[in-house]
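>>> generate coordinates for the sequence data below:
(one chain, ligands or ions: 1)
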Amino acid sequence: MILVLDFGSQYTQLIARRVREEKVYCEIHPGVAPLKSFPEIKILKGIILSGSYGSVYSKDSVWPDSKIWGIGVPILGICYGMQLIAEYFGGEVTPSRCREFGIVNVDIDCKCHLFDGLGFKETLWMSHGDKLSKLPKDFRITAKSENSPYAAIDSEARNIYGVQFHPEVKHSVNGRKILQNFIFKICGSKRDWTMRSYIVDEIKKIQERIGESKVLCALSGGVDSYVAAIMLNRAIGKRLLCVYVDHGFQKFGETKRIREIFCKEFGENLIVVDAKKIFLSKLKGIIDPEKKRKIIGHTFIEVFNKEARKFKDINFLLQGTIYPDVIESISVKGSKVAIKSHHNVAGLPRKMKMKLIEPLKFLFKDEVRALGRELKISEEIINRQPFPGPGLAVRVLGYVTEEKLNILKVADNIVTEEIKKAKLYEKIWQSFAVILPIRTVGVMGDARTYEYVIAIRAVNSEDAMTADWVKLPYEVLSRISSRVTNEVKGVNRVVYDISNKPPSTIEWE
Ligand code: XMP
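From the prediction side, this is the model:
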């Protein structure tokens, strides 16, 4: 295993991704994590120190446990990571007069194993305001650029390597080769991490942990909870009980679809709770988006709890948490401002005194999909676009009423049908309809109408942190518009949302 210590760089996840693309298992731990929390030395093959937004010479700089330098495991420092190495071993880091952002030509000293197979000149990507101004003792320079006389350094005796540039970024032409050299030539890792091996290992771990107990699962219909449930099903069979809470904010025909698909897998062990009335009544008179989200979250817990109390001797709760959620919560000094309270089942275990089972905790979204394929889950489920926990309630702007919900469901279904017909569904991160809390004047069959407006949203994204609006073909927009105004009673206008995230968010509420 390769361990990435996170000092807050925006590329930390990318480093882990790149390592896993080489079929080598990799985890991200906080930069300040104590050595005793690291994986066992016998499986730890190498450590990568990430970049950071900070400076190593600042008062509040973040440092790794000082014991890491002496454990004999190869270390690669990237950007801030290299500066940490330099400062620790007696070098010096200072603010750079000429900062380097973007593609830079770097002269390589090919005697360093990190650069085996590379040319003398390489195009690499930099993003730094500080630079090394003095070489640490017993280190040598292994690469230079016009503005970085110490663009890379190493001490082969200590097995420690540092690079100012970012090999993990695609713009670094031979960046992959550099990471491969570190992972395989220097650390001696093997390409043995595959989804198949992950399934075998996880199932074994789950069986050992759960013993003869039962596990409860809140199925949402989304990819993550489904893949997690199938994993558990493979591990413990009928001792997994699935509860699906129908809050009424699902897409058109969803509950029926879920019953059909899920019953095949879970049979009698799937319980569908019809809670539509409770959710609607709790949201009555509520306009504020945050209040809506909180009410839905609490009501979900209430309903789920009530159902769970009917089962005896359940000690575990299954959750489809995936790696980006985990990383967000461990990031170094992430003073993240709450933009939206995301609704999930996180409040459940605390209230129910259950232990958590999170078999996808170390997987990225596309790895969850790959795992799903390995588990022979149908492409229809695997390729589903993400859907928010509070569902259509955050797409019915303003008061949530049955009338508006029904209009939205039909309009949204038309959007999905047309996007699928145009073979765009799997190419787009998310595409959906929103109903606005206003009515506008229109004319239909010579008569005046005063009806709702539907907004269409389609975005592309890699991780939902940022998103670009999709330039949908005019013909697709045109078909959606005419179908919605013709087929959905109560709508006389369709608009297209052309906002990116930021400044907008993907969901309107
Ligand atoms: P925003 O609107 O914050 O959405 O740009 C980012 C991504 O998260 C989804 N989303 C949610 N997912 N529970 C979820 O599980 C939620 O409460 C929730 N709110 C938004 C949204 O659909 C998008 O993919």
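>>> helices of the chain, start to end?
With helices called from DSSP state H, the chain shows them at 12-21, 80-88, 175-180, 195-210, 223-236, 254-266, 276-283, 289-308, 323-330, 347-352, 365-374, 379-382, 402-421, 474-487.
>>> can you tell me which of the ones you listed is most buried?
Highest mean neighbour count among those (mean count of other Cβ atoms under 10 Å): helix 80-88, with a mean of 25. All C-beta spots, glycine's among them, are computed from the backbone N, C-alpha and C.
>>> tell me what it is packed against?
Other helices and strands packing on helix 80-88, by 3 or more Cβ pairs under 8 Å, 6 or more residues apart in numbering; DSSP states H and E, are strand 46-49, strand 75-78, strand 92-108, strand 121-134, strand 152-155, strand 160-163.
>>> for the record, mean pLDDT for it?
Per-residue pLDDT over helix 80-88 has a mean of 96.
>>> that helix versus strand 92-108: what angle between them?
Relative orientation of helix 80-88 with respect to strand 92-108: 120 degrees, computed using axes from the mean of the first three to the mean of the last three Cα atoms, to 10 degrees.
>>> now helix 80-88 and strand 121-134, what's the angle there?
30 degrees.
>>> contact partners of helix 80-88?
Under the contact criterion Cβ atoms under 8 Å, 6 or more residues apart in numbering, helix 80-88 has outside partners 5, 7, 9, 48-52, 54-57, 63-64, 66, 69, 75, 77, 91-93, 130, 132, 134-136, 139, 150, 152-153, 160, 162-164.
>>> now the buried members of those residues.
Buried positions within these, assessed by neighbour count (16 or more other Cβ atoms under 10 Å), are 5, 7, 9, 48-52, 54-56, 64, 69, 75, 77, 91-93, 130, 132, 135-136, 139, 150, 152-153, 160, 162-164.
>>> circling back: in JSON lines, list the helices and strands packed on helix 80-88 along with distance to Arg191.
Shown next, in JSON lines, are these (distance: least, Cβ to Cβ, whole Å):
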{"stretch": "strand 46-49", "distance to Arg191": "14"}
{"stretch": "strand 75-78", "distance to Arg191": "18"}
{"stretch": "strand 92-108", "distance to Arg191": "25"}
{"stretch": "strand 121-134", "distance to Arg191": "24"}
{"stretch": "strand 152-155", "distance to Arg191": "24"}
{"stretch": "strand 160-163", "distance to Arg191": "21"}
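>>> between these, which one is nearest to Ile419?
strand 121-134 (34.7 Å; Cβ to Cβ).
>>> so which bits of the closest one are buried?
122, 124-128, 130-132.
>>> just flag the most distant two among these.
Longest span within those, Cβ to Cβ: Glu122 and Asp130, 21.6 Å.
>>> give the contact list for Tyr452.
404, 407, 435-436, 438-439, 490-493.
>>> ugh, typo on my part, it should be Tyr57
87, 93-94, 130.
>>> next one: it from Ser37, what distance?
From Tyr57 across to Ser37, the span is 27 Å (Cβ to Cβ, to the nearest Å).
>>> try Leu405
With Cβ to Cβ as the criterion, Leu405 and Ser37 are 47 Å apart.
>>> centre-most residue in the chain?
Pro324 (3.6 Å; Cα atoms, centre = their mean).
>>> wait, it sits on Asp463?
Yes. With contact defined as Cβ atoms under 8 Å, Pro324 reaches Asp463; the gap is 6.1 Å.
>>> joint contacts of those two?
By Cβ under 8 Å, 6+ apart, the residues touching both Pro324 and Asp463 are 13, 365.
>>> one step back: dump the helices of the chain into a markdown table; add distance to the ligand as well.
Output for the helices of the chain, formatted as a markdown table (distance: least, Cβ to the nearest ligand atom, whole Å):
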| stretch | distance to the ligand |
| --- | --- |
| helix 12-21 | 16 |
| helix 80-88 | 28 |
| helix 175-180 | 29 |
| helix 195-210 | 22 |
| helix 223-236 | 9 |
| helix 254-266 | 15 |
| helix 276-283 | 14 |
| helix 289-308 | 6 |
| helix 323-330 | 9 |
| helix 347-352 | 12 |
| helix 365-374 | 10 |
| helix 379-382 | 16 |
| helix 402-421 | 13 |
| helix 474-487 | 19 |
